[in-house]
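Enquirer: Structure, please.
(one chain, ligands or ions: 2)
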Amino acid sequence: MLENAKKITVIGGGIWGQTLANLARLNHLAVRVWSRHTGEDLGAIIADTEVIISAVSIKGVVPTIEKLQQLQLNSRIIIVTATKGLEPITTRTPFHLWNQAFPANPLVVLSGPNLAKEINQGLPAATVVASYLQKAAILLQKLLSGESFRVYLNSDPLGTELGGTLKNVMAIASGVCDGLQLGTNAKSALLTRALPEIVRVGTCLGGCQETFFGLSGLGDLLATCNSPLSRNYQVGYQLALGLSLPEILAKLEGTAEGINTTEVLMRIAQEKNLYVPITCQVDRLLRGEISPQVAVYELMRRDLKAEFD
Ligand SMILES: NC(=O)C1=CN([C@@H]2O[C@H](COP(=O)(O)OP(=O)(O)OC[C@H]3O[C@@H](n4cnc5c(N)ncnc54)[C@H](O)[C@@H]3O)[C@@H](O)[C@H]2O)C=CC1
Ligand SMILES: O=C(CO)COP(=O)(O)O
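Expert: Ligands and ions are numbered 1, 2, ... in the order given. From the prediction side, this is the model:
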């Protein structure tokens with residue numbers, strides 16, 4: 001048994017929380033999953049826990065933090081955040097929110113090209129655990145690594161988290177591109193231009209440039225923008241087929257974080273004067289202001305420019 005059978009609590013009973021719990025169970029760890037729907041006493045569950053993994057959607061981050069604050073969390077407990085989103089009111093990332101609420105606890109970000117359904121089938125995947133406290137990240141690496149799940153270390157939690165969050169906007173754009181059958185050249189151009197847009201925003205918000213070229217940045221961009229398993233990709237794809245956003249969301253399994261992220265990111269971009277042309281068109285499309293075809297036209301007819309500037 002690994003690491004003296006560390007006790008782990010996963011908060012969030014959605015598909016990602018269940019998947020992370022299963023990965024830990026494969027290493028014979030004692031795992032409990034708590035969700036707001038189970039009605040169990042969270043205080044009792046975390047009484048002897050050593051690691052808390054938060055896998056709630058962004059909507060659930062503040063309520064989860066507030067619940068744990070009422071329970072007076074032991075400062076030795078390692079907190080892992082696996083959410084990919086931006087909090088709408090403060091525009092902060094989950095890492096910021098957890099760090100602000102529990103400054104004494106070791107904090108780790110987990111993010112990577114991790115389509116839960118593939119991991120649940122036992123297909124090989126890799127992820128990143130990032131922390132300013134290397135010891136905490138190394139522990140998580142040991143707890144979750146297995147034959148089919150390879151966990152890398154990183155010392156840039158913000159960059160790791162932002163790569164996973166910002167690519168969701170691009171996954172919507174990518175779904176549109178495929179839904180409209182724009183071809184491989186268009187898709188390659190879109191994903192290649194998406195990366196500098198992510199880097200521009202991500203470095204402005206405090207991430208290291210290098211991180212965005214790694215698994216949690218480029219890796220997750222490729223996974224999510226190319227897979228029909230991605231909910232964000234599905235949103236874009238189905239918009240391109242002519243469905244309305246409410247129609248798509250009514251049938252979507254789980255959360256497409258990119259919808260909220262696009263709205264928050266537009267506010268950040270305006271405030272910080274960041275050039276985010278792809279995000280801007282995704283935003284107008286999600287608001288119903290333009291059609292998918294017009295979004296493509298608007299991107300193509302922008303002023304001509306140098307590739308790198
Ligand atoms: N599904 C996937 O393949 C992956 C998902 N993620 C990220 O993990 C997070 C969760 O994703 P999924 O499990 O797929 O989503 P989901 O929609 O299946 O589950 C969301 C979870 O958040 C909880 N939640 C929502 N609002 C809440 C609130 N107000 N208070 C307390 N809890 C609340 C729900 O009860 C549920 O347990 C998202 O940020 C997603 O981007 C990250 C990697 C892979
Ligand atoms: O983040 C993910 C894969 O890394 C999951 O993507 P979706 O949230 O778009 O399904």
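Enquirer: So which residues make contact with the helix or strand hosting E271?
Expert: If you go by DSSP states H and E, E271 is part of helix 257-272. By CB atoms under 8 Å, 6 or more residues apart in numbering, the surrounding residues in contact with helix 257-272 are 57-59, 83-88, 91, 165-166, 168-169, 171-172, 201, 204-205, 232, 235, 245, 274-276, 279-280, 282-283, 286. (C-beta placed from N, C-alpha, C; glycine too.)
Enquirer: Of those residues, select the buried ones using a PyMOL command.
Expert: Of those, the buried ones go into a single PyMOL selection, burial set by 16 or more other CB atoms under 10 Å:
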select buried, resi 57+58+83+84+85+86+87+165+166+168+169+171+172+201+205+232+235+245+274+276+279+280+282+283+286
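Enquirer: Do you have the strands of this protein handy? List them.
Expert: 7-11, 30-34, 51-54, 78-81, 107-111, 125-130, 149-154 (DSSP state E).
Enquirer: of those, which approaches ligand 2 most closely?
Expert: strand 107-111 (7.7 Å; CB to the nearest ligand atom).
Enquirer: That closest one - which strands sit beside it in the sheet, and in what orientation?
Expert: Partners of strand 107-111 in the sheet, by DSSP bridges, are strand 78-81 (parallel), strand 125-130 (antiparallel).
Enquirer: Format these as JSON lines; extra columns: mean neighbour count.
Expert: Listed next are the strands paired with strand 107-111 as JSON lines, based on neighbours: other CB atoms under 10 Å:
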{"stretch": "strand 78-81", "mean neighbour count": "25"}
{"stretch": "strand 125-130", "mean neighbour count": "25"}
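Enquirer: center of the protein, which residue is that?
Expert: K84 (2.3 Å; CA atoms, centre = their mean).
Enquirer: so it touches T165, yeah?
Expert: Yes. Look at K84 against T165 with CB atoms under 8 Å: they come within range, at 4.8 Å.
Enquirer: quick revisit: winner for burial among the strands of the chain?
Expert: strand 107-111 (a mean of 28; mean count of other CB atoms under 10 Å).
Enquirer: Could you point out which residue ranges in the stretch 151-300 of the chain have low pLDDT?
Expert: Along the stretch 151-300 of the chain, the model assigns pLDDT under 70 to no residue.
Enquirer: how about the residues of it near ligand 1?
Expert: By CB under 6 Å from any ligand atom, the part of the stretch 151-300 of the chain that sits against ligand 1 consists of G254, T255, E257.
Enquirer: Nearest to ligand 2, out of those residues: which one, please.
Expert: Closest approach to ligand 2 among those (CB to the nearest ligand atom): E257, at 5.8 Å.
Enquirer: Now for the residue nearest to that closest one when sequence neighbours are not counted: which residues touch it?
Expert: Once flanking residues are discounted, E257 sits nearest to G85: 4.3 Å by CB to CB, 6 or more residues apart in numbering. Contact analysis of G85 by CB under 8 Å, 6+ apart lists S57, I58, V61, P94, T165, N168, E257, N260, T261.
Enquirer: Please report the distance of the second one from V109.
Expert: Just to be clear, that refers to I58. Note on I58: its distance to V109, by CB to CB, to the nearest Å, is 14 Å.
Enquirer: and for the two, which residues touch both?
Expert: P94.
Enquirer: Please tell me how far L166 sits from G207.
Expert: Taken as CB to CB, the span from L166 to G207 is 9 Å.
Enquirer: contacting residues for the residue nearest to the centre of the chain?
Expert: Contacts of K84 by CB under 8 Å, 6+ apart are I58, S111, E161, G164, T165, N168, E257, T261.
Enquirer: Rebuild the strands paired with strand 107-111 as TSV, extending it with mean pLDDT.
Expert: Output for those, formatted as TSV (pLDDT from 0 to 100):
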stretch	mean pLDDT
strand 78-81	98
strand 125-130	99
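Enquirer: wait, V296 sits on L180?
Expert: Yes. The pair V296 / L180 is scored as a contact, 6.8 Å apart, by CB under 8 Å.
Enquirer: Between those two, point out the one with more neighbours.
Expert: Ranked by neighbour count (other CB atoms under 10 Å), V296 and L180 place V296 first, with 21 against 18.
Enquirer: How about the contacts made by the more buried one?
Expert: Neighbour list for V296: V176, C177, L180, L182, A186 [criterion: CB under 8 Å, 6+ apart].
Enquirer: which one is the fourth one nearest to, not counting chain neighbours?
Expert: The reference is to L182. V296 (6.9 Å).
Enquirer: Of all the strands paired with strand 107-111, which one is nearest ligand 1?
Expert: Using CB to the nearest ligand atom, the strands paired with strand 107-111 put strand 125-130 closest to ligand 1, at 8.5 Å.
Enquirer: angle of the closest one against strand 149-154?
Expert: With axes from the mean of the first three to the mean of the last three CA atoms, to 10 degrees applied, the angle from strand 125-130 to strand 149-154 works out at 30 degrees.
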